[in-house]
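Colleague: sequence plus the predicted model coming up.
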Amino acid sequence: MKKTIWFLLLAVPAFLHAQANPGKSKSRRQQKKRTDSTLEHLQALENAVATQQQQIQQLTNELKQRDEQWAQFQQDYIQAKQTASQAQTKAATAETVSEQANTAVAVLKTDVAKIESSAAHAQSDDKELQKRISGIEGVLSRFRIAGDVRLRSDSIFQNYSGCAACFDRDRVRIRLRLGLEGKLGEDFIGGIYVASGANISGTATLADPTSTNETLATFFERKAIGFDRGYIIYQPQTAKWIKLTGGKFAYDWEHTDLTFDPDLNPEGFTEKLSFDFGNPVVKNFSVEAMQLLFNEVAVRVLNWNGADPIAQATFPVLPCASATSTGCIQNPLTPPVGTPLPPPLTPALRSLAPSNIMTNATFIAGTGASQRRAFVSGFEYADLIWDNTILTPWPRFPWHVTAEYEQNLRARRSVFAPSKQNKGYWFDTNVGVQKQRNDLQFGYNWMRIEQDAVISQFNESELRAPTNVLENRVYVNWLLRGNTTASFNWWLGRTLNRNLQNAALAPGLPRGLSDPWLNRLQFDLIYKF
């Protein structure tokens with residue numbers, strides 16, 4: 001292409017040169033005509049040259065683009081070659097890594113096999129452990145822990161004009177109870193409970209069956225704890241109307257505090273038959289028999305057989321304090337010279353409000369050293385209890401009424417009483433329940449218990465005296481939480497007949513003066529769990 005261009009450029013001067021030397025013989029007109037023709041021809045050539053130059057420029061641009069594309073191709077080729085080299089190197093490395101990976105995979109498979117084997121053993125051990133845990137949970141789920149803590153402020157005061165020995169008594173007491181009860185099988189229930197003991201004259205003791213209070217005194221000494229209940233109950237699922245109980249257990253029959261203290265747990269056996277009816281008048285009929293240490297029970301008649309050991313244990317006949325004393329065991333004859341005389345013993349003094357002192361009529365049986373204290377009366381309880389709840393327009397304040405009449409069928413007259421002291425009366429009424437938080441209950445309780453209506457050792461221990469007593473109680477209960485109760489009890493009581501044997505009287509009470517009212521104020525905080 002370049003050679004052709006240069007040829008055209010050289011041809012033009014030659015042509016011009018030939019035209020520039022025309023013959024002189026031609027006329028000027030011809031010469032002008034030729035000149036114009038030449039100019040037109042030159043113009044055409046210039047136009048052709050311009051067109052050629054445009055084509056040359058276009059081709060030059062295309063060539064430049066081709067050169068750039070070639071350069072890019074060469075660069076891409078070099079880069080591709082380098083990439084291929086690197087890929088080859090990486091492939092070699094990958095092959096090495098693959099071999100190492102295969103080795104690692106083989107090791108990993110071995111480890112996995114070991115782990116799977118260990119997991120299988122662990123799973124087996126876990127199943128065994130879960131089985132054991134389930135077994136333990138199954139056993140524990142059949143049992144429940146129950147108990148309570150009661151903190152009490154107990155104030156006692158009694159006075160009369162001219163009394164020199166009357167005094168007020170303020171003490172803080174605590175009651176602790178903890179138990180475990182559960183199903184021993186489909187038809188058996190068992191339970192074990194422990195409770196705090198009593199503090200009598202500054203000495204901790206478990207001898208009082210009607211009290212689990214412990215006075216906070218005696219220089220921070222440890223408190224007495226003893227077994228309070230232990231029992232087994234048999235009630236077959238196929239015959240739920242049968243219930244057999246044995247051991248030391250809570251009451252399972254209807255009663256009031258007139259005959260038995262709330263803290264007393266009887267011992268022995270009971271057999272109960274209970275039948276439910278759809279009749280709106282008679283909803284249940286129950287028959288129960290008991291064998292409790294000294295007694296048998298049949299259909300709400302309680303007969304104590306051979307109860308005299310209770311009298312001797314509670315108020316024993318002791319050696320005489322002097323040679324002229326009566327109603328006591330005389331000291332033995334004077335021993336040989338040099339041997340000291342045994343110290344005379346006197347009956348223990350009764351505190352202002354002891355826990356169930358002896359107030360029944362008694363006498364001393366036997367002679368000499370075999371003397372013992374015995375009851376004047378026998379004891380066979382027959383009682384009637386009426387218990388009813390009356391609904392009111394206020395659901396949280398139902399009206400509850402309980403009344404009881406009790407008579408000792410084996411009571412006898414004593415030399416101190418012109419008639420049998422054999423009747424007991426109990427009346428309690430209250431408004432309110434203790435179910436929801438902040439529930440309030442207001443109540444009044446009235447009791448009149450003649451001397452030999454019941455055995456004085458086992459009924460309510462908070463009374464002025466267990467028998468031969470007239471007692472009033474006003475109480476308020478406030479349910480602070482579902483398991484916490486604050487309560488107030490005001491006991492107001494006095495001895496009925498001061499002239500009866502073993503009557504509880506204010507200190508130094510003059511003749512002819514009735515026993516003054518004894519006030520007892522109790523503030524309790526009770527936590528149950």
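Modeller: It's in.
Colleague: switch to C-alpha atoms for all contacts and neighbour counts from now on
Modeller: OK.
Colleague: what is the burial count for the residue lying closest to Thr389 once chain neighbours are set aside?
Modeller: Leaving aside its sequence neighbours, Thr389 sits nearest to His400 (C-alpha to C-alpha, 6 or more residues apart in numbering; 4.3 Å). For His400, the count of nearby residues is 17 (other C-alpha atoms under 10 Å).
Colleague: check contacts around Asn422.
Modeller: Counting by C-alpha atoms under 8 Å, 6 or more residues apart in numbering, Asn422 touches Gln407, Asn408, Leu409, Ala411, Glu450, Gln451, Asp452, Ala453, Val454.
Colleague: any idea of the pLDDT on the closest residue in space to it that isn't next to it in sequence?
Modeller: Spatial nearest neighbour of Asn422, excluding adjacent residues (C-alpha to C-alpha, 6+ apart): Ala453 at 4.0 Å. On pLDDT, Ala453 comes in at 95.
Colleague: Ala453: what's it in contact with?
Modeller: If a contact means C-alpha under 8 Å, 6+ apart, then Ala453 has Phe379, Tyr381, Glu406, Gln407, Asn408, Ala411, Gln421, Asn422, Lys423, Gly424, Thr467 as its contacts.
Colleague: what secondary structure does the fourth one sit in?
Modeller: The one in question is Gln407. Following DSSP: H, G, I helix; E, B strand; the rest coil, we place Gln407 in the strand state.
Colleague: just Val49 next, same as before
Modeller: Quick answer, by three-state DSSP: Val49 is helix.
Colleague: pull the number of nearby residues for it.
Modeller: 16.
Colleague: show me the contacts for it.
Modeller: By C-alpha under 8 Å, 6+ apart, the contact list for Val49 is empty.
Colleague: quick one: contacts for Ala374?
Modeller: Asp308, Pro309, Ala311, Gln312, Thr362, Phe363, Ile364, Ala365.
Colleague: mind redoing it with 6 Å?
Modeller: Asp308, Ala311, Thr362, Phe363 (C-alpha atoms under 6 Å, 6 or more residues apart in numbering).
Colleague: can you pick the most crowded of these?
Modeller: Result: Ala311 is most packed of these (other C-alpha under 10 Å), 22 neighbours.
Colleague: you'd agree that residue is in a strand?
Modeller: No - counting by three-state DSSP, Ala311 is not found in a strand; it is helix.
Colleague: so where's the stretch 351-500 of the chain shaky on pLDDT?
Modeller: By pLDDT under 70, the weakly predicted segments of the stretch 351-500 of the chain are 351-355.
Colleague: so what's Ala224 closest to, chain neighbours aside?
Modeller: Distances taken as C-alpha to C-alpha, 6+ apart place Gly197 nearest to Ala224, at 5.0 Å, with adjacent residues excluded.
Colleague: so how far is Pro266 from the one you found?
Modeller: Taking C-alpha to C-alpha, to the nearest Å as the measure, Gly197 falls 16 Å from Pro266.
Colleague: more neighbours: which of those two?
Modeller: More crowded of Gly197 and Pro266, by other C-alpha under 10 Å: Gly197, with 28 against 19.
Colleague: residues in contact with the more buried one?
Modeller: Residues near Gly197 by C-alpha under 6 Å, 6+ apart: Thr205, Leu206, Thr212, Glu214, Ala224, Ile225.
Colleague: neighbours of Gln358, just the number please.
Modeller: Just to correct that, residue 358 is Met rather than Gln. 23.
Colleague: now it: phi and psi?
Modeller: The phi/psi pair for Met358 (degrees, to the nearest 10) reads phi -80, psi 120.
Colleague: any chance you could read off phi and psi for the residue nearest to Thr389?
Modeller: The phi/psi pair for His400 (degrees, to the nearest 10) is phi -110, psi 130.
Colleague: distance of Phe397 relative to Val433?
Modeller: 6 Å.
Colleague: swap that for Gln53, sorry
Modeller: For Gln53, the distance to Val433 - C-alpha to C-alpha - is 121 Å.
Colleague: who's more crowded, these two?
Modeller: Neighbours per residue (other C-alpha under 10 Å) separate Gln53 from Val433, with Val433 holding more: 19 against 13.
Colleague: nearest to Ala239 among the contacts of Ala453?
Modeller: The closest of those to Ala239 turns out to be Tyr381 (C-alpha to C-alpha; 30.4 Å).
Colleague: what are the pairing partners of the helix or strand containing Trp490, and which direction each?
Modeller: Counting by DSSP states H and E, the element that carries Trp490 is strand 484-495. According to DSSP bridges, strand 484-495 forms sheet pairs with strand 469-481 (antiparallel), strand 518-528 (antiparallel).
Colleague: reformat the contacts of Asn422 as JSON lines; add distance to Asp387.
Modeller: JSON lines is the format used below for the contacts of Asn422 (distance: C-alpha to C-alpha, whole Å):
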{"residue": "Gln407", "distance to Asp387": "18"}
{"residue": "Asn408", "distance to Asp387": "21"}
{"residue": "Leu409", "distance to Asp387": "23"}
{"residue": "Ala411", "distance to Asp387": "27"}
{"residue": "Glu450", "distance to Asp387": "22"}
{"residue": "Gln451", "distance to Asp387": "25"}
{"residue": "Asp452", "distance to Asp387": "25"}
{"residue": "Ala453", "distance to Asp387": "21"}
{"residue": "Val454", "distance to Asp387": "21"}
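Colleague: can you report phi and psi for Gln75?
Modeller: Per degrees, to the nearest 10, the backbone of Gln75 is at phi -60, psi -40.
Colleague: revised request: answer the last question for Lys33.
Modeller: Given degrees, to the nearest 10, the pair of backbone angles that Lys33 has is phi -60, psi -40.
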